[in-house]
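Visitor: Got a predicted model here, sequence first, then my questions.
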Amino acid sequence: MAESVIKVKELSAAYRKNTVLENVDFSVEKGSLTGIVGPNGAGKSTLIKTMLQLHPSLSGTVDFMGLPFKQAKKYIGYVPQRGSVDWDFPTNALDVVTMGLYGKIGWLKLPTRMHKEKAFHALKKMGMEDYADRQISQLSGGQQQRVFLARALVQDADIYFMDEPLAGVDAATERAIMTILKELKANGKTVMVVHHDLQTVEEYFDHVLLLNRTVMNHGKTTETFTKDNVAKTYGGNMRWMGEEKQYVVHTGK
């Protein structure tokens, strides 16, 4: 049986008085690439933020490799939604990536040449080495996303959380990001990704977590990502088109 490196038990969370997560239970295998999938308002981003203590929980427990978050955070990398970042902050791409090393450098110390070289190598891995000195506000959305992924990569974490890393990026950037995520998995890293495109779930992820405020289903994609399970997760907001798996999600009332 595969080793579980993430265990979530009876996790609940709310915004003001509105419950957005209720009794969430699941565990994640080491070296898996999991897509977190569900309708708008299902609590996908809130789930990640609550697990990482960026949002308070009402109840429940989360552990990583048998440790609480405070003890395990040095093993965890996080890429937030691009829209939640202040891209007007006056800094260049290389400095943004170097920030991923501050846990090892220490906040009151300056990065060394070795740290800068590690950061540059991470930028190069994302095809962004020519933009190292470019202000992040001058980069396109796809380029900004590559820089943020490079910042996570330079941490050399064991567990990665990524909140909609493919949202609003061009096809080339999407391919580049998925290549890196599959490399991480191949190297034994554990990756959880909030994802919105149902058409690519089977191609991109070996595990899927279907979420609608609570876990509707979770497991290997080949067994879990079925017509019935997706319909149950999306309710009346989803139509199944034809024999091939084509999904149309209705966002209106």
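Guide: Now that the structure is in, tell me what you want to look at. Residues are numbered from 1 along each chain as shown.
Visitor: Now do the buried residues in the one helix or strand Glu203 maps to.
Guide: Per DSSP states H and E: Glu203 is located in helix 201-204. Buried residues in helix 201-204, counting neighbours by 16 or more other CB atoms under 10 Å, are found at Val201, Tyr204. (C-beta placed from N, C-alpha, C; glycine too.)
Visitor: same check, this time on stretch 29-44
Guide: Within stretch 29-44, the residues that count as buried by 16+ other CB under 10 Å are 29, 31-39, 42-44.
Visitor: mind listing which of the residues you listed are in strands?
Guide: Mapping those onto strands (DSSP state E) picks out Glu29, Leu33, Thr34, Gly35, Ile36, Val37.
Visitor: Start from the N-terminal end of the stretch 51-200 of the chain and give the helices.
Guide: Along the stretch 51-200 of the chain, the segments classed as helices by DSSP state H, counting those that start in this stretch run 69-72, 93-98, 102-105, 113-125, 141-153, 171-186.
Visitor: Kindly state which of those is positioned closest to Leu54.
Guide: Closest to Leu54 of the helices of the stretch 51-200 of the chain is helix 69-72 (CB to CB; 9.9 Å).
Visitor: which secondary structure elements does the closest one contact?
Guide: Other helices and strands packing on helix 69-72, by 3 or more CB pairs under 8 Å, 6 or more residues apart in numbering; DSSP states H and E, are strand 59-64.
Visitor: tell me what the strand it packs on is packed against?
Guide: The contact analysis (3+ CB pairs under 8 Å, 6+ apart) places strand 59-64 against strand 4-15, helix 69-72.
Visitor: related to what we said a few turns ago, what helices or strands is the helix holding Glu203 leaning on?
Guide: strand 33-37, helix 221-224.
Visitor: and Glu3, which of these is closest to it?
Guide: Of the helices and strands packed on helix 201-204, nearest to Glu3 by CB to CB is strand 33-37, at 14.6 Å.
Visitor: List the residues that contact the nearest residue to His195 once chain neighbours are set aside.
Guide: Excluding the flanking residues, the one nearest His195 by CB to CB, 6 or more residues apart in numbering is Gly35, at 4.3 Å. Applying CB atoms under 8 Å, 6 or more residues apart in numbering to Gly35 gives the contacts Val193, His195, Val201, Tyr204, Phe205, His207, Val208, Leu209, Thr221.
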